[in-house]
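Engineer: 3D model of this:
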Amino acid sequence: MLIEIWSDIMCPFCYIGKDHFEKALAQLSFKDELEVVYRSYQLDPNYHHQAGDTTYSYLSQSKGMPIDQVRAMTGQVVQMAKQTGLVIDFDRSIPANTFKSHELIHYAASVGKGTEMKGRLFKAHFEEGLNIEDESVLVTLATEVGLDAAGTKEALSSDTYAYEVKQDLNEAKQIGIRGVPFFLFNRKYAVSGAQPTDAFVEVLEKSFSEWRESNPKITFLNPDKDAPSCTDDSCSI
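Structural biologist: Sure, this is the predicted structure:
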């Protein structure tokens, strides 16, 4: 069953939501029958990092809020993350354009490393204060999850994965997504926000049960295990 998740690396609730969602997956007996695909979303596609910008100054300007109010707001998010075991450090985090990060996630997904890359980028941004708009930073992070440096550089310089990012962004508009994280289960049920783990378990069980009814599992019945047959490599003649 397909599960699609629209999120942005700059979004702390996407980081928290990812953690809650993965904890829900770990509780399921059918988790191996789920395909999780991360889709791209940009909260502020027009922003590009400028030297001296901090998360506080960025949020103050973009939301029109005093710095003290921004600090109080982000402090609540820090505590929310702490409760789930994550570290979010707004004193260190650097606001950045995330388009290249999304390209990297698509490239990583093409070799089965999409989830790992997503998690590494979140940690780099929120905990380590790295500039995820910097391509040299992205290449280093990619190698840390097992991707080839040369392949990563080529992926980031080509239009292949930029096209995929743009496709995700366009589809988000068509669906009507206006906030992230946004979870779409089997193209039927949608959940938004950093929901509690139990809520994710509930919707996963409901959507999978309905999906299973229309996609029954094949049961093999072989009364005679020695009956002659052919495989891809040979025939038992």
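Engineer: got a list of contacts for the helix or strand containing Y163?
Structural biologist: Using DSSP states H and E, Y163 falls within helix 160-175. With C-beta atoms under 8 Å, 6 or more residues apart in numbering as the test, helix 160-175 has contacts from 6, 39-42, 45, 99, 102-104, 106-107, 155, 182, 184. C-beta coordinates here come from the backbone N, C-alpha and C atoms, glycine included.
Engineer: hmm, 7 Å instead?
Structural biologist: For helix 160-175, contacts defined as C-beta atoms under 7 Å, 6 or more residues apart in numbering pick out W6, R39, S40, Y41, Q42, F99, H102, E103, H106, Y107, A155.
Engineer: which of those lies closest to V77?
Structural biologist: Distances from V77 to these, taken as C-beta to C-beta, are shortest for Y41 (18.2 Å).
Engineer: which ones are touching that closest one?
Structural biologist: Y41 touches W6, S7, D8, L169, A172, I177, V180, counting by C-beta under 7 Å, 6+ apart.
Engineer: how about 10 Å then?
Structural biologist: Neighbour list for Y41: 5-11, 14, 98, 102, 165, 168-169, 171-172, 177, 179-182 [criterion: C-beta atoms under 10 Å, 6 or more residues apart in numbering].
Engineer: now swap in L25 and tell me
Structural biologist: Contacts of L25 by C-beta under 10 Å, 6+ apart are I3, K31, D32, L34, V36, T197, F200, V201, L204.
Engineer: please apply the same query to L121.
Structural biologist: Per C-beta under 10 Å, 6+ apart, neighbours of L121: 9, 15, 98, 101-102, 104-105, 108, 130, 132, 137-138, 141-142, 145.
Engineer: wait, is it part of a helix?
Structural biologist: Yes. Looking at L121 with DSSP: H, G, I helix; E, B strand; the rest coil, it is inside a helix.
Engineer: so how far is S62 from it?
Structural biologist: 21 Å (C-beta to C-beta, to the nearest Å).
Engineer: nearest to I88 among the contacts of L25?
Structural biologist: Distances from I88 to the contacts of L25, taken by C-beta to C-beta, are shortest for T197, at 18.0 Å.
Engineer: quick one: the strands in this protein?
Structural biologist: Secondary structure of the chain, counting by DSSP state E: strands at 2-7, 35-40, 182-185, 189-192.
Engineer: so where's the chain uncertain?
Structural biologist: 219-227, 229, 231-237 (pLDDT under 70).
Engineer: all helices for this protein, in order.
Structural biologist: Using DSSP state H, the helices of the chain run over 12-26, 55-63, 67-84, 99-110, 114-126, 135-144, 149-157, 160-175, 197-214.
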